[in-house]
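Student: My questions are about this predicted structure, shown below with the sequence.
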Amino acid sequence: MAISVENYVKLANFYNEMTRVLSAICVAKGGIAMENYVGRFFAADVLEFIVEYGNGLKKTGVTIDKNISSVMNLFEKQYESVKSLVTPNQKPVHEMTLEEFEKIMNI
């Protein structure tokens, strides 16, 4: 996927639609709280991807509309609150910090 503002908008729209569907699933399953729904991990991974995509887009120096920029800032704030839910990057154990190792081992 070529990095572009248009693709960022597509990703943002996908994420927003996905969160609506996840909310509907939680309701349909008897009102499960989102923090108890297993899909929250996938949503966190998607949000991480979108935030990183946005950071890459900023680095290209392309002009970003203020509305898109505000969406980027909103997603960054949301990501900070779910950062602990993302799938850890796979590093060799000898390169991990103690905190990374404990997180992967669920200690």
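Tutor: Received the coordinates, thanks. Numbering: from 1, shown residues only.
Student: What strand or helix carries the spatially most central residue of the chain?
Tutor: For the chain, L47 is the residue whose C-alpha lies nearest the centre (C-alpha atoms, centre = their mean; 1.4 Å). L47 belongs to helix 40-60 when assigned by DSSP states H and E.
Student: by contact count, what packs against that helix?
Tutor: helix 5-28, helix 66-82 (3 or more C-beta pairs under 8 Å, 6 or more residues apart in numbering; DSSP states H and E). Placement of C-beta: from N, CA and C, glycine included.
Student: okay, those in TSV with distance to Q90 and mean pLDDT next?
Tutor: Output for the helices and strands packed on helix 40-60, formatted as TSV (distance: least, C-beta to C-beta, whole Å; pLDDT from 0 to 100):
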stretch	distance to Q90	mean pLDDT
helix 5-28	23	96
helix 66-82	20	95
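Student: For N36, which of the ones you listed is the nearest?
Tutor: Among these, helix 5-28 comes nearest to N36, with 8.4 Å by C-beta to C-beta.
Student: what comes up buried for the closest one?
Tutor: Y8, L11, A12, Y15, T19, L22, C26 (16 or more other C-beta atoms under 10 Å).
Student: In terms of distance to S70, which of those ranks first?
Tutor: A12 (11.1 Å).
Student: contacting residues for P88?
Tutor: Going by C-beta atoms under 8 Å, 6 or more residues apart in numbering, P88 touches E100, K103, I104.
Student: Where does the second one fall, secondary structure wise?
Tutor: Using DSSP H and E, K103 sits in helix 98-104.
Student: Distance from that helix to the middle of the chain?
Tutor: Chain-centre distance of helix 98-104: 20 Å, with C-alpha atoms, centre = their mean, to the nearest Å.
Student: What is the end-to-end distance of stretch 73-89?
Tutor: By C-alpha to C-alpha, to the nearest Å, the extent of stretch 73-89 from end to end equals 23 Å.
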